[in-house]
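K.L.:
Return atomic coordinates for the entry below.
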Amino acid sequence: MGIAGSRFERGTTALVRRISAVPWLRAAILSPVVARPGYWFATLCGLVWGAVLSRGRIRRQNGVIVARKCPEWAFGRGGTTIGAVFLTRDALSEGVLAHEAVHRAQWKRYGLAFIPLYIAAGQTGTANRFEIEAGLERGGYVA
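P.N.:
Next comes the predicted model:
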């Protein structure tokens, strides 16, 4: 069974549906009062992870904090954004950074809820609503 059909993904999707069905709970979780500290926490985790793995090769670029020269096992595809931090080896084109800046904004809007929301959106990048919003072409999903 592939990742798309994993019990973890199905369970996450079911959890997101249940929470979304309760308007006050959804509003509370997505409230900036809750989401923003989650974004800050994710950014702190991304900074620590990125600083260690990139050996301090961190700089601010195009609206994201880029931790470059990270080992390839440390992220998915060409890179991964955690909070405001983009972990990558060398994916530093303007298009990719613009794509990752949208993910940064998504983290800021959803906070730590972004994790289950992203998983529930599916592991196929071309069908994942967050990847579509960030721009499939800029993110390297389509030519």
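K.L.:
now the helices for this structure?
P.N.:
Assigned by DSSP state H, the chain shows helices spanning 7-20, 23-30, 32-53, 94-110, 114-120, 129-134.
K.L.:
right, so of the ones you listed, which gets closest to residue 69?
P.N.:
helix 32-53 (8.4 Å; Cβ to Cβ). For the C-beta atoms, the positions are set from N, CA and C on the backbone; glycine is no exception.
K.L.:
Switch the helices of the chain over to a markdown table; also include distance to residue 60 and mean pLDDT.
P.N.:
Listed next are those as a markdown table, based on distance: least, Cβ to Cβ, whole Å; pLDDT from 0 to 100:
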| stretch | distance to residue 60 | mean pLDDT |
| --- | --- | --- |
| helix 7-20 | 32 | 91 |
| helix 23-30 | 27 | 94 |
| helix 32-53 | 11 | 97 |
| helix 94-110 | 11 | 97 |
| helix 114-120 | 21 | 95 |
| helix 129-134 | 19 | 97 |
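K.L.:
I'd like the ones you listed laid out as a markdown table, including distance to residue 74.
P.N.:
Listed next are the helices of the chain as a markdown table, based on distance: least, Cβ to Cβ, whole Å:
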| stretch | distance to residue 74 |
| --- | --- |
| helix 7-20 | 20 |
| helix 23-30 | 28 |
| helix 32-53 | 5 |
| helix 94-110 | 15 |
| helix 114-120 | 17 |
| helix 129-134 | 20 |
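K.L.:
tell me the contacts of the closest residue to residue 12 other than its chain neighbours?
P.N.:
The spatially closest residue to residue 12, leaving aside those adjacent along the chain, is residue 119, at 4.5 Å (Cβ to Cβ, 6 or more residues apart in numbering). Applying Cβ atoms under 8 Å, 6 or more residues apart in numbering, we find residue 119 in contact with 8-9, 12-13.
K.L.:
could you flag which of the residues you listed are buried?
P.N.:
Neighbour-count burial (16 or more other Cβ atoms under 10 Å) is assigned, among the contacts of residue 119, to 9, 12-13.
K.L.:
What is the nearest of the residues you listed to residue 90?
P.N.:
residue 9 (29.3 Å).
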